[in-house]
Structures are given as C-alpha cells and as structure tokens.
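In: show me the folded form of this:
(2 chains)
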Amino acid sequence: MYFLQQILNGLSLGAVYSLIAVGFALVFNILKFSNFSQGGLITVCAYIGFMITRTFGLGLGATLALTALAGGVIALLVERVAFRRLRRKNSPLIYYFVSSITMGILLENLITIYFSSNFYAFPRFFARSTVRFGPFFMATTDLAMLGISLSSLLILMIVLYRTTFGTAIRALSMDMNAARLMGINVNFAIAGTFFLVGVFAGLGGVFLGINYTLYPQLGKLIVKGFVASVVGGLGNILGAVVGAILLGLLEVILVGVPGIGSGLSPVVVFVILLVFLIVRPQGIAGIIVKEKV
Amino acid sequence: MLEIRGLDVWYRHIHALDSVDLSVRAGEITALIGANGAGKTSLLNTISGLVAPRAGSIELEGSALSRAPHRIVRKGVVHVPEGRHVFAGLTVQENLLMGAYTRRKGFAGRLQEMYRLFPRLEERKKQQAGTLSGGEQQMLAICRGLISEPRVLLMDEPSLGLAPLLVREVFELIQRIRAMGITVLLVEQNAMQALAVADHAYVLENGSVVLSGTGGEVLADPNVRHAYLGAAAD
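Out: From the prediction side, this is the model:
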C-alpha cells in the first residue's frame, strides 16, 4: 500500500522531469548539443508565472497557458541571440554548448538582479490540498502536474508524428541538408522547435516553482532533465519521457529505502547515470524505439 | 531554362568552380560529366542554394534564382542529392510527404502516381526508409524529388553504387522524366550511359567547363573517350 502510494508520487515527479527532459531532447535532436540555457529559461518562466498569478490573481490553468506562451517567445529570442549566428557560420558544436551555458547564466543572473536572491512561493491554487482515491492520497497540485504534463507530452507526440510540420522537424533532425532540399525552411523549423522547447520550459518552470519555491538557481534542476534524457537516449523524445518517469520513481523510492534516504538518493541517481554512460551510452531508447537518429 | 553565367565558388582556399557558364534547355536532359573533384556536385549544390557562390549568376527563365534553398524548391528547381539522403528514420510515405512539403495540395493523388511508378515503394510505405535496399532508396530519393512536380530536376549520381540492372532502370527512368516534360540536369560518373541519353553535355575539369556540345558530339570526342570511357585514343 505504501509502495503504491510512493509510485503515484514518483509518477508525478517524473512527469515534471519529463517536461525538462523533452526540452533537452528536442534541441539535441535537431542541433546535436545539450542546451543548458534551458535552466535559465525555466527559472525565468517560473518567475514569470509567479508574477502573473500575483499580479492578476489567475488560476493554475491560465497561469500555465500564459507562462507557456511567454516561455515560447523567450526561447525564440534565445535561439535568435545565442544560436542562429553560429549556424550561419557553421560553427563547431562546442560553440553552441558554450553559448547555451552562457545564455543560461545570463538569464539566471537577470532574475537575481531583478528579484534579488530572496525566496518566493506560489500561492495555493487549490482549496482542497489532497484528493483521495480509495486508500490513496495525492496532493491536488501533484495530480494536476501529472495530468497536465502527460497531456502536453501527448500533444507534442501528435504534433511530431502526425503533422507535416512535426515530420519536417524529425526530417531535419536526421539530415539537415536533405531537409533544405525538400524546401523546408530550416530557420523557421528550428525556431518552431525552440518555441516548443519554451512552452515546455514554461510548464516545467511553473511546476518546479510550485514544488520547490522560487529562487534564482531553480534552473539547476535541469540536471534532472539532463540525466533523464541521457538515460533515455539523447535526442530521443519518447526515451526522454521514459527516462524521466523512471528517474522520478527511483528518487521517490530511494528516499524511502533505509540507509539511503533523501541525503544519499542523488548520489545513487548519479551512480546510475555513470553506469548508464558506461554500459549503454545510447540510452534505453534503442530498446523501446526503433528509430535511429 | 537555367542560365548559369560566370559562376565562381570557393571553399575557403579551394577554388571549386571557376567562372562556369552553362545553360540547361527546357525539356532536355543536360549531362555534366567529369572526374571526382571536378566540381560537378558543387555546381548542383550552388544551384540548389546549399552553397553560396562568390560571383556569377543563376537565372531561371530569365529571372535571377533566389539563394534560399526553400525558395528555390518553390520555384520548381529540385535537387536529388548524391548518396540518396533519404530520411532513414521516416517511413517511405513520410519521406514522400517531405518531398511534397512545398506543394501539399493534391499530395494524395501524386502519391498514388508515384506508387504506380514504383509499386515496391507502395509495398513498403510504412517501412522506415533506412531499411530499404540501395536501389529502393535511390528510387525513393527520385520519387521524393518528383512528387513536388518540379520544372527542373537536378540529379546527382543517381546510378552510383547500383547493380548493372538497376543502373539501366535508372537511365530508363531519367528518359521517362524527360518525357513527362521535366528538364533534367544530370551529373554522372557513368559517362557512357549519361551521354547516350543526354541531349546536351558539358565536361567539367578542375572547376571549369572544358568541352560542351550535344550528347553525341561529346561522346565522339577523342579526349572524352580516352579520359572517361576507358577507350584507347585512336
């Protein structure tokens, strides 16, 4: 019984991680680098969400929608400022990596300057803090997190696998020059991908802000998304989701294991990451998805 | 149809194309032959916008062709690249959808036409393109180019790495494409067969055009026979 309860908690944590991991996977998929600017983006989005609720007193749904939109727009700016010139000059991948870290630090510090390093907390969104399913309890925000994350991931999958534009993004990730020869406007498709990344950063930022309170280094939690996307197989979107859910479950379960607890659970997580990198650097994606990127 | 004047292309310090003049007439097959590194692929890549020229002009029916690949495709100039470059992780049908990216109206009908042309592709429409054989991938690459109903098709080494029987099929197909009213600019290592089907031909050496004429004229040139067709100069 206790175990099932923990699985529920782990799932909702994993669902939030998967929002971050998917952002990593989307960028890695098309541009082949790990986009660490996403941490800064998530931080900015968390604060934007906070400002929106505090200023307008909106509910969770409206806050998420507006923040997702803002995240998308900021991600477009990030792509424009940090990456487009590099692409035009055919720069080596390490430049993208450096540029993404720089951008992440820049965004994080803008937040620190503007809000100082104080902690803020989101208001409570729900009158009832828990929902009961028979013998199980779930925090209402956890339930909302699980539901909204999973449905937005489902929408992403539909966009990528059932629309022409999504297929173009996948084609681009496989062979950029061939995609150009098909008449795909590569700049537009990459901008579209970054918009999607920003939308996910917006959702992830609000949820992380609700879960952990707001502080300028909130974005460091992207490490979890990074771990998940490595475990899932870099650049593989379905793999990233599976990796994130596994990571969430693992963390919650490890906390309950005597001798590990919340102090040592990150250690175990990183050991698992190292083992994965040694034993199966291509991630679990090879097993669950046939697609080779 | 396509008029290329004084085209100069550099890769940093390498002079890939040196003031190339070339015209492709409507409704014809124009063959471009030459050794490895002569600049054949560079020329196609420049026409399709993947490579920017340092100087020179490319005109399509009298007006300057855009430099952005997606606009060039919209103008009806479509490039089937060397080495097929099918999207390995997309299904056959998705590959064809990408081919029709700029002309999605009427896709279903043209898809059926392509499947009639190559029933093998229909049998494998749900299969990932990476699992096809080399010949099937080449057919897919060509269909992916044809499905947008181009006016000019640039074909880079379509017979490369194919078994002799398939090579013949590819050359028959190229003639059928001409019969459909599509202008073809064909780059080939397989000089003999390319010249046999070509209306006009150009020979490229070290980035410059060294010879041009009708397919038959170029085929009859003793230097060409010696250098590209393996015949002893007599």
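
In: enumerate the residues of chain B near chain A.
Out: Residues of chain B found near chain A (CB under 8 Å from any CB of the partner chain) are B:48-50, B:68-70, B:73-74, B:78-81, B:85-90, B:94-95, B:97-99, B:101-102, B:104, B:128, B:130, B:144, B:148. Bear in mind the C-beta positions are built from the backbone N, C-alpha and C, glycine included.

In: show the buried residues in these.
Out: Burial by neighbour count, 16 or more other CB atoms under 10 Å in any protein chain shown: within the residues of chain B next to chain A this picks out B:48-50, B:69-70, B:73-74, B:78-81, B:85-90, B:94-95, B:97-99, B:101-102, B:128, B:144, B:148.

In: mind checking the SS state of B:S212?
Out: strand (DSSP: H, G, I helix; E, B strand; the rest coil).

In: can you give me the separation between the closest residue to it other than its chain neighbours and B:A38?
Out: With CB to CB, 6 or more residues apart in numbering or on different chains as the criterion, B:S212 has its nearest non-adjacent residue at 4.6 Å, and that residue is B:Y202. Computed as CB to CB, to the nearest Å, the B:Y202 to B:A38 distance reads 10 Å.

In: what do you get for B:R178?
Out: Distance, B:R178 to B:A38, by CB to CB: 24 Å.

In: which of these two has more neighbours?
Out: Using other CB atoms under 10 Å in any protein chain shown, the more surrounded residue of B:R178 and B:A38 is B:A38, with 22 against 19.

In: you'd agree that one is in a helix?
Out: No. Assignment of B:A38 by three-state DSSP gives coil, placing it outside any helix.

In: and the gap between the closest residue to it other than its chain neighbours and chain A?
Out: Nearest non-adjacent residue to B:A38, counting by CB to CB, 6+ apart: B:L204, 4.3 Å away. Counting by CB to the nearest CB, to the nearest Å, the gap from B:L204 to chain A is 21 Å.

In: cool, B:A227 as well?
Out: B:A227 sits 30 Å away from chain A, going by CB to the nearest CB.

In: for my notes, confirm that residue occurs in a helix.
Out: Yes. Counting by three-state DSSP, B:A227 is located in a helix.

In: may I have the phi/psi pair for the nearest residue to it once chain neighbours are set aside?
Out: Spatially, and ignoring its direct neighbours in sequence, B:A227 is nearest to B:A35 (7.5 Å; CB to CB, 6+ apart). Main-chain torsions, B:A35, degrees, to the nearest 10: phi -70, psi 170.

In: likewise A:M182?
Out: Per degrees, to the nearest 10, the backbone of A:M182 is at phi -80, psi -10.

In: for chain B, which residue gets nearest to chain A?
Out: Nearest residue of chain B to chain A: B:V73, at 3.1 Å (CB to the nearest CB).

In: nearest spatial neighbour of that residue, chain-adjacent residues omitted?
Out: A:G183 (3.1 Å).

In: all strands for chain A, in order.
Out: Ranges of strands within chain A are A:130-133, A:136-139, based on DSSP state E.

In: what sits closest to A:L150 if chain neighbours are left out?
Out: A:A15 (5.9 Å).

In: now for the one you found: which residues touch it?
Out: The contact partners of A:A15, taken as CB atoms under 8 Å, 6 or more residues apart in numbering or on different chains, are A:M145, A:L146, A:S149, A:L150, A:A244, A:I245, A:G248.

In: quick check, pLDDT for residue 74.
Out: Using chain A here. Note on A:I74: pLDDT of 97.

In: the chain in question should be chain B.
Out: B:R74 is given a pLDDT of 95.

In: wait, it sits on A:G183?
Out: Yes. If you go by CB atoms under 8 Å, B:R74 and A:G183 touch, sitting 6.1 Å apart.

In: SS state for B:S19?
Out: Assignment for B:S19 (three-state DSSP): strand.

In: can you give me the helices in the chain?
Out: Picking chain A for this. In chain A, the segments counted as helices under DSSP state H are A:2-31, A:37-56, A:60-78, A:84-88, A:93-115, A:140-162, A:164-174, A:176-181, A:186-212, A:222-232, A:237-256, A:261-279, A:285-288.

In: that's the other chain; I wanted chain B
Out: Secondary structure of chain B, counting by DSSP H: helices at B:40-47, B:69-74, B:92-99, B:107-117, B:119-123, B:134-146, B:164-179, B:191-197, B:215-220, B:222-228.

In: so which residues on the stretch 151-293 of chain A come close to chain B?
Out: By CB under 8 Å from any CB, the residues of the stretch 151-293 of chain A that approach chain B are A:164, A:167-168, A:170-171, A:174-175, A:177-186, A:290-293.

In: filter these down to the buried ones and hand me the PyMOL line.
Out: What follows is the PyMOL syntax selecting those of those that are buried according to 16+ other CB under 10 Å:
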select buried, chain A and resi 167+168+170+171+174+175+178+179+180+181+182+183+184+185+186+291+293
